[in-house]
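> Sequence and predicted structure below; questions after.
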Amino acid sequence: MSIVLSVAQHSKEGDLHDQKFNAYGLSTYLTRESQTMHPRYFLSIYPTDIYVDQYSTNNPQIATIAAISVIILISILFILYDYFVRQEFHERRELLEAKRRFIRYVSHEVRTPINACLMGLNIVHHEEKDPEMKNLLQEIQNSANSAVLVLNEVLQYDKIEQRTLTIEIALVDIWALVQKSFDEFKLSAQSKRLNFKLSYDISTFNGDIECGSELHDLPSNIRNLVVVGDAPKILQIIRNLLSNAVKFTSEQGFIQLSVSYNKENIVNNKAKSNLKSKCRSNITEKITLKTGDEIRATPNGYFSLSVIDSGVGMNQSQLGRLFGEGVQFNANDLQAGKGSGLGLFIARNLATHHGGSLTAFSEGIGKGSVFTLKLPLSQCNITLVPEEVQKLQESESSSNYQKKHLNILVVDDVATNRKLLCRLLERNGHQCCMAENGEIALNMVRKNMSTSDENRLFDCILIDYEMPVLNGPNATQKIREMGNDTFIVGITGNTLSDDVEYFQSMGANVVLPKPVNLDVLEDLFVEYGI
């Protein structure tokens, strides 16, 4: 022991504490500081390996390694998830694109020969004098038109899948639309001796009046309510329901159309309507119609159409799958193999796009079915012109229009289509020239533009899409680049929305699907003042 600066220090040989633990040593005085020269004892304590082994732990290192491992694992899982999702998305996109290519191919390859068949049947039917033969030709035409309807359903299904289905907003006289549909199916119902009735449940309009069967039975305040939507698409829904009812109801059965009104607004959380007015509140909204006019519409309850039949009926399992894609029950027995199974799937989607609903009910097999369509109604700041008055106005307008005999260039690579279309147009008094591809048409237009005789200038060009050498859209673009503003109508079997928009972007004024409807074409001439 030695005293240094009044501090007693003791050391002896054999002090064996490990120098590596110097940083962990603890020291203290064992005696108090005194004025006297008494020694003070100073104690230093150092840990040993045994102490460290007993009280030390690797948990922090393990936890850190575990955390890092978890982070790495999660990162790997996210990378794998992203890879497989992208792979699945890519495969799905390729599958959809392959399906669209298939639809485009089928549409073009089927519509083109059907176009020739229907035009040929039209010519023969017009020239045939024998009533029995005319009836037979009409039945053949109906069969060909049925094939076209199936194609149209497939194309609409594609639009629904691609979410490109558009609604051309107009004010729809839903009451007149129901009456029109009912009148269309009277003959079909009579041919099966069905008890086919239409009734308006006036008790829902006015409690003092009983049910009526005539359109004029409706109170005027209800008759003036309209659906803001697309009339052809709503008509398609109603026709599908009536067609199914007639198809699946045995002879001497009954079909009843029950129309009613409910003053409550539709609440449909699943609605995917792209209309501005969804009829979920009483707020007046400004709506732009397809004509460009702006109107104000206030939601005012909903229209309900129930199609009740005594047909084959359905069980609960069938009801659950009824509105699926391509669903058919006993197709061979009940439908003779006809139909695409897409009608109700499309009809429900069309109803949903209008902010409405389409439901089905049946008590079981052989007990009939009830299909109910609900659509929101609106009170608008303009009054609809009754259909009868509108037809009279259109008739007067048409009679005032001086029908012209046009010079028309028909461009199609299929000789049969060219000849038949020219024959139909010439029957209506037009003069036609023909070209088998876009290059020849381009040369004919260039030559025609240089003529000094205005009576020989082309008034209209009807041009196909798919052609060798130079296709329709590219030929149309080149014609426009020449400074030619002739009215161009694209006539094509490629009726996917992308193809139609592309054709129009290249300069076509209008694009019509095959088979060609000559009445629609003549209406276009009137509409555009050709």
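Noted; the coordinates are in hand.
> where does the stretch 151-300 of the chain have low pLDDT?
The model of the stretch 151-300 of the chain has pLDDT under 70 over residues 202-217, 265-282.
> let's see 50
Within the stretch 151-300 of the chain, the stretches with pLDDT under 50 are 208-210, 269-272, 274, 276-280.
> now for the longest helix along the chain, which elements pack on it?
Longest helix of the chain, by residue count under DSSP state H: helix 59-127. When contacts are defined as 3 or more Cβ pairs under 8 Å, 6 or more residues apart in numbering; DSSP states H and E, helix 59-127 sits against helix 131-162, helix 415-427. Any C-beta I mention is one placed from the backbone N, CA and C, and that applies to glycine too.
> Going toward the C-terminus from the helix or strand hosting residue 479, what's the next helix or strand?
If you go by DSSP states H and E, residue 479 is part of helix 472-481. Using DSSP H and E, the helix or strand that directly follows helix 472-481 along the chain is strand 487-492.
> Could you point out the helix or strand that follows that following strand?
The first helix or strand that comes after strand 487-492 along the chain, using DSSP H and E, is helix 497-505.
> Give me the contact list for that next one.
With contacts defined as Cβ atoms under 8 Å, 6 or more residues apart in numbering, helix 497-505 is touched by 104, 159, 162, 164, 465, 472-473, 476, 490, 492, 494, 510-511.
> which of these sit farthest apart?
Longest distance between any two of these is 24.8 Å, between 162 and 476; criterion Cβ to Cβ.
> Send me stretch 172-190 as CSV with only the CA atoms.
In CSV, the C-alpha atoms belonging to stretch 172-190 read as follows (Å, rounded to 0.1, in the frame of the first residue of the first chain):
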residue,chain,number,x,y,z
VAL,A,172,-86.8,9.3,-74.2
ASP,A,173,-90.6,9.0,-74.2
ILE,A,174,-90.5,5.7,-72.3
TRP,A,175,-94.3,5.2,-72.4
ALA,A,176,-94.5,5.4,-76.2
LEU,A,177,-91.4,3.1,-76.4
VAL,A,178,-93.3,0.4,-74.4
GLN,A,179,-96.3,0.8,-76.6
LYS,A,180,-94.1,0.5,-79.8
SER,A,181,-92.4,-2.6,-78.5
PHE,A,182,-95.8,-4.2,-77.6
ASP,A,183,-97.1,-3.5,-81.1
GLU,A,184,-94.0,-5.0,-82.7
PHE,A,185,-94.5,-8.4,-80.9
LYS,A,186,-98.3,-8.7,-81.4
LEU,A,187,-97.9,-10.8,-84.5
SER,A,188,-95.3,-13.1,-82.9
ALA,A,189,-97.6,-13.6,-79.9
GLN,A,190,-100.6,-14.2,-82.2
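> For stretch 63-74, give the mean pLDDT please.
The average pLDDT within stretch 63-74 is 89.
> Same check on stretch 520-530?
For stretch 520-530, mean pLDDT rounds to 85.
> can I have that stretch written out in PDB, keeping just the CAs?
C-alpha atoms of stretch 520-530 as PDB (Å, rounded to 0.1, in the frame of the first residue of the first chain):
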ATOM      1  CA  VAL A 520     -80.300   4.400 -93.400                       C
ATOM      2  CA  LEU A 521     -78.100   5.400 -96.300                       C
ATOM      3  CA  GLU A 522     -80.900   7.400 -97.900                       C
ATOM      4  CA  ASP A 523     -81.700   9.000 -94.600                       C
ATOM      5  CA  LEU A 524     -78.000  10.100 -94.300                       C
ATOM      6  CA  PHE A 525     -78.300  11.800 -97.800                       C
ATOM      7  CA  VAL A 526     -81.300  13.700 -96.500                       C
ATOM      8  CA  GLU A 527     -79.700  14.500 -93.100                       C
ATOM      9  CA  TYR A 528     -76.500  15.900 -94.600                       C
ATOM     10  CA  GLY A 529     -78.200  17.500 -97.500                       C
ATOM     11  CA  ILE A 530     -76.300  15.600-100.200                       C
END
